[in-house]
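>>> Test case, fold it:
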Amino acid sequence: MGRETVQKKAEREIPATVIIPNLNGMGYLENCLQSLYACESSSFPVIIIDNGSTDESVSFIKKRYPQVQLICFSENRGFCSAVNAGITAARTPYVILLNNDTTVERHFVTRLTEAVSRKPYYFSVSAKMVSMADRDIIDDAGDYYCAFGWAFARGKGKKAAGYSRPCNIFAACGGAAIYRRDILLELGLFDEAHFAYLDDIDVGWRARIRGYRNRFEPKAVVHHAGSGFSGSRYNEFKIRLSSRNSVYLIGKNMPPVQILFNFPFLLCGFLIKYIFFVKKGYGNIYREGLKKGWKMCMSEAGKARKIRFSWKYFPQYMRLEGEMLYNLFVRRLFS
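Sure, this is the predicted structure:
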């Protein structure tokens, strides 16, 4: 049986393709792929997009996992370009994005596929990510976004046992989540202007504006090493990019009147983070990122990517605003 025939048969059995972006992930890939192929049903396509690795990642995949579809970039084009290439290459109704520094439990793929297929308006479902160092501790149980302009991982650092029920979330964490491929194509895929960081909040936000929902599924469990893309939790690359994208995210997805309403909250949020990074020694880097984010919003390309307000989606805007305020005052400040 030829490779194409095998892949078509797999797509009929499991309607999801697993997409893994990789950059010098040799230290993680073997465990990640072993866990995937140990799932209760391993009849699903896997696509790995290599972002110009200089280690032995590519040769390892070709030798040990020839069934994996491998897409190689000559340079690091970022998370968004990598997953977009995988989504475009996929031929299944659903795509699962998975970080390379993870291992999955055996029901991971089927639980995510079952969860997203329950309702036609479910756009994405986030897995239950636990710390690889301590599997009783949550790494991410879906993402929230608040009126301070802050995105934060639900349950980060808390006991995993407390996150055992499915629920709605603001957006799925792109490190381990399933998406409806047709809606991704409808939305225009991940915004490659982000490069990395907050891109999953952005695509989830755009889906929410159109009335779709994002969910959390606790039975799909992933063990996450963390910082596999950029290194430590705080570094110049991550701070500069995250601060830039935090401004771009707001300018892109909020109508002007919503930005005006939230301006006092946003100003407070950016000021708090600036003071925090000044104390960490990264104040100038953070400020530089904010300036770049503003320039992105004001550029011709940024204006072209801005989500145009439509009264058709006014109820969704109101719901999102209420959620952002609730996330600030209930889930963030007084939790």
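
>>> low-scoring stretches of the stretch 1-150 of the chain, by residue?
Along the stretch 1-150 of the chain, segments meeting pLDDT under 70 span 1-12.

>>> Where do the strands of it begin and end?
In the stretch 1-150 of the chain, the strands defined using DSSP state E, counting those that start in this stretch lie at 16-22, 46-51, 69-73, 94-98, 102-104, 122-131, 138-140, 143-145.

>>> just checking, what packs against the host helix or strand of Lys273?
Under the criterion of DSSP states H and E, Lys273 resides in helix 256-280. For helix 256-280, the contact count by 3 or more Cβ pairs under 8 Å, 6 or more residues apart in numbering; DSSP states H and E identifies helix 236-253, helix 283-298, helix 314-326 as packing neighbours. From N, CA and C alone the C-beta is placed, and that goes for glycine too.

>>> Can you say which of these is packed in most?
helix 236-253 (a mean of 21; mean count of other Cβ atoms under 10 Å).

>>> Identify all contacting residues around that helix.
Contacting residues not belonging to helix 236-253 are listed as 149-151, 191, 193-199, 201-202, 205-206, 209, 230-231, 259, 266, 270, 273, 277, 282, 285-290, 292-294, 296-297, 302, 305-307 [Cβ atoms under 8 Å, 6 or more residues apart in numbering].

>>> which ones are touching the spatially closest residue to Asp143 that is not a sequence neighbour?
Nearest in space to Asp143, with sequence neighbours left out and distances taken as Cβ to Cβ, 6 or more residues apart in numbering, is Ala171 at 4.7 Å. By Cβ under 8 Å, 6+ apart, the residues touching Ala171 are 124, 126, 142-143, 145, 151, 200-201, 203-205, 208, 214.

>>> Apply 10 Å and report the result again.
Ala171 makes contact with 123-124, 126, 142-145, 151, 177, 198-208, 214, according to Cβ atoms under 10 Å, 6 or more residues apart in numbering.

>>> could you pull out the helices for the stretch 101-250 of the chain?
Per DSSP state H, counting those that start in this stretch, the stretch 101-250 of the chain carries helices over the ranges 108-116, 181-187, 199-209, 236-253.

>>> Which one of these lies nearest to Val18?
Val18 lies closest, by Cβ to Cβ, to one member of those: helix 108-116, at 7.0 Å.

>>> by how many degrees do that closest one and strand 16-22 diverge?
For helix 108-116 against strand 16-22, the angle by axes from the mean of the first three to the mean of the last three Cα atoms, to 10 degrees is 120 degrees.

>>> Make 13 the starting number, not 1.
Right, with 13 as the first residue, what we last looked at is helix 120-128.

>>> Quick check: Pro276 vs Phe341, distance?
Noted for Pro276: a distance of 14 Å to Phe341, by Cβ to Cβ, to the nearest Å.

>>> Name the residues contacting each of these two.
Listed as contacting both Pro276 and Phe341 by Cβ under 10 Å, 6+ apart are Ala159.

>>> Of these two, which one has the most company?
When Pro276 and Phe341 are compared for neighbours, Phe341 comes out ahead with 13 against 10, by other Cβ atoms under 10 Å.

>>> that's a helix at that one, yeah?
Yes - per DSSP: H, G, I helix; E, B strand; the rest coil, Phe341 lies within a helix segment.

>>> That one touches Glu335, doesn't it?
No - applying Cβ atoms under 10 Å as the test, Phe341 and Glu335 come out as separate, 11.4 Å apart.

>>> okay, and the common contacts of the two?
158-159.

>>> distance of Ala97 from Ile61?
5 Å.

>>> out of the two, which sits in the busier spot?
Ile61 (24 against 20).

>>> gap between the more buried one and Asn257?
Taking Cβ to Cβ, one finds Ile61 at 20 Å from Asn257.

>>> Could you list the residues in contact with the helix holding Lys285?
Residues from elsewhere that reach helix 268-292 (Cβ under 10 Å, 6+ apart): 158-162, 246, 251, 254-255, 258-259, 262-263, 265-267, 294-299, 301-302, 318, 321, 329-330, 332-333, 336-337, 340, 344.

>>> Relative to Phe164, how far out is the nearest residue to Glu333 once chain neighbours are set aside?
Nearest residue to Glu333, sequence neighbours excluded (Cβ to Cβ, 6+ apart): Gln270, at 6.5 Å. Computed as Cβ to Cβ, the Gln270 to Phe164 distance reads 20 Å.

>>> Likewise for Ala97?
Applying Cβ to Cβ to Ala97 and Phe164 gives a distance of 29 Å.

>>> ditto for Phe326
Counting by Cβ to Cβ - Phe326 and Phe164 are separated by 27 Å.

>>> Now distance to Glu87 too, for the helices of the stretch 113-262 of the chain, in TSV please.
Below are the helices of the stretch 113-262 of the chain laid out as TSV (distance: least, Cβ to Cβ, whole Å):
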stretch	distance to Glu87
helix 120-128	31
helix 193-199	24
helix 211-221	18
helix 248-265	15
